[in-house]
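Engineer: sharing a sequence plus its predicted fold:
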Amino acid sequence: MIKAPGYFGAWGNVPADGDVRPFSMLNPSGGDINRTNRRHHFISAVYMDSFADDSGRVQVYLCEAPGNPLPPMNPRAIGFERDYYSQKLPGGGQDNHRFEDLWNTIETVWPETVQALAARRLSPAISFNVLGMQTIMRARVPATRDRHALMIEAKIRCEHKIGEELGLLPPQLERYAGQFDTVPVGVNPHETLLAMKGEFKNFGDLCFRLGFEVLHNKTSTPFLTSDNPVCSYDPCQPFHARKPYEHFGEVELIFPVSARMLVRGSSKRGPVNMISRHRDISDSRKVRQLNRTIAQFSYRMTIGQDRSSDDLIRAHGALVPTITTRVRRLGKEVQIICRDVFGPRPTLSQYIDTPEKAARLEARMAAASSHADPAPLKDSYR
């Protein structure tokens, strides 16, 4: 048994399988404290490499223009955002690499894990690495962070509307009275980073309900992937009535590993929390059905090896996995009800953390109000 570094504890004590190292063997502490890279990938470039064509490029479709794919691109040129994982430090300054270092442990062993899957091997180390990649690709992506931002925004709006009703608004917010349904609410990105811990736990709990298998694509149509590649749902629901992340009854989960392999989990399979078999898919209709689900769950972009699934991507570009929120008041109790749905991709307000940003926002709001009548206050909490 390989002893994992203390960072992962007993949970990471997984034996190596020949050339496949469990990611817990790697220390997530970065060695170069003077690194300046702040271009943070939210979808791993080494993950996207497995969907590249012979020239090492992928086909990228942006959800706002799914009918006009970008020219084939190097995976390192997409799927990133400046300071995506950066955090302000209490004593001043900014940490830019803690999350990147943690992801890097999984990304480092991913190529050897994919190679072992292609050879149809099974082992605890292989399962551990695949479930690790699934977990970070569920927790780190914009679809998940935006979901938490929307929930926090709904809570803030509700609190201030109730404060207005009770006459308890702070003086600096009184000028927004009657506008708390429409005034921009920017959520501190640090809050959505902290929410990743809960996502890790929730996804781990889900994996302990599912058994996994690897599907090998033997057709001429490659698997798609996206910037939100972990798709889970109730397979009993009709496709067009499907709700994302519906985990109350039967559950199916799909996670594309490469253009030729996909991991499928099911609450009807066992043993749970591990990959237990490999199977071939020779039916192009089944591959198309899986690609349709992958396209349905994409958030900002869908990624392919070629353009064989253009029609599926166009069909699902308008709707993404997101949430709706509704406020319900029962006496003194206030409930914010969130439901996972497929809907238009939300536009989040900028987080205001400097006086200069605040001044620019106030100027834009003043200009907008001079050209339009004030929006009516929606009494959504009664």
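Structural biologist: Done, it's in.
Engineer: ok, which stretches of the stretch 151-300 of the chain are helices?
Structural biologist: Residue ranges of the helices in the stretch 151-300 of the chain, as given by DSSP state H, counting those that start in this stretch, are 189-194, 196-207, 284-297.
Engineer: need the residues that contact the last one.
Structural biologist: Outside helix 284-297, the residues that touch it by CB atoms under 8 Å, 6 or more residues apart in numbering are 215, 217, 219-221, 223-226, 228-231, 233, 239, 242, 244, 254, 256, 262, 281, 302, 309, 312-313, 315-316, 319-321, 342. No exception for glycine: its C-beta is placed from N, CA and C like everyone else's.
Engineer: for the helices of the stretch 151-300 of the chain, which one sits closest to residue 329?
Structural biologist: Nearest of the helices of the stretch 151-300 of the chain to residue 329, taken as CB to CB: helix 189-194 at 24.5 Å.
Engineer: how about the closest one: buried residues?
Structural biologist: For helix 189-194, the neighbour count (16 or more other CB atoms under 10 Å) marks 189, 192, 193 as buried.
Engineer: could you do stretch 98-106 as well?
Structural biologist: For stretch 98-106, using 16+ other CB under 10 Å, the buried residues are 99, 100, 101, 102, 103, 104, 105, 106.
Engineer: now that stretch: how far from the chain's centre is it?
Structural biologist: 16 Å (CA atoms, centre = their mean, to the nearest Å).
Engineer: I'd like the average pLDDT over that stretch.
Structural biologist: What stretch 98-106 shows for mean pLDDT is 86.
Engineer: then that stretch to PDB, C-alphas only?
Structural biologist: Extracted C-alpha coordinates of stretch 98-106, given in PDB (Å, rounded to 0.1, in the frame of the first residue of the first chain):
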ATOM      1  CA  ARG A  98      -3.600  27.100  -4.500                       C
ATOM      2  CA  PHE A  99      -6.500  25.700  -6.500                       C
ATOM      3  CA  GLU A 100      -4.400  25.300  -9.600                       C
ATOM      4  CA  ASP A 101      -1.900  23.100  -7.600                       C
ATOM      5  CA  LEU A 102      -4.700  20.900  -6.400                       C
ATOM      6  CA  TRP A 103      -6.100  20.300  -9.800                       C
ATOM      7  CA  ASN A 104      -2.600  19.700 -11.200                       C
ATOM      8  CA  THR A 105      -2.300  16.500  -9.100                       C
ATOM      9  CA  ILE A 106      -5.200  15.000 -11.000                       C
END
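Engineer: need the contact partners of that stretch.
Structural biologist: Here stretch 98-106 has contacts from 23-24, 26-30, 37, 40, 44, 85, 87, 129, 132-133, 136, 140, 193, 196, using CB under 8 Å, 6+ apart.
Engineer: how close does the residue positioned nearest the centre of the chain get to residue 225?
Structural biologist: Per CA atoms, centre = their mean, the C-alpha nearest to the average position across the chain is that of residue 141, at 3.0 Å. For residue 141, the distance to residue 225 (CB to CB, to the nearest Å) stands at 12 Å.
Engineer: residue 138 now?
Structural biologist: 13 Å.
Engineer: of those two, give the one with the bigger neighbour count.
Structural biologist: residue 225 (29 against 24; other CB atoms under 10 Å).
Engineer: who's in contact with the residue lying closest to the more buried one once chain neighbours are set aside?
Structural biologist: When the adjacent residues along the chain are set aside, residue 225 lies closest to residue 256, with 4.4 Å between them (CB to CB, 6 or more residues apart in numbering). Shown in contact with residue 256 (CB under 8 Å, 6+ apart): 51, 223, 224, 225, 229, 262, 263, 290, 294.
Engineer: hang on, the earlier thing: which among the contacts of stretch 98-106 end up buried?
Structural biologist: 23-24, 26, 28, 40, 44, 85, 87, 129, 132-133, 136, 140, 193, 196.
Engineer: which strands and helices lie in contact with the helix or strand hosting residue 143?
Structural biologist: In this structure, residue 143 sits in helix 142-165 according to DSSP states H and E. On a contact count with 3 or more CB pairs under 8 Å, 6 or more residues apart in numbering; DSSP states H and E, helix 142-165 meets helix 189-194, strand 320-330, strand 333-343.
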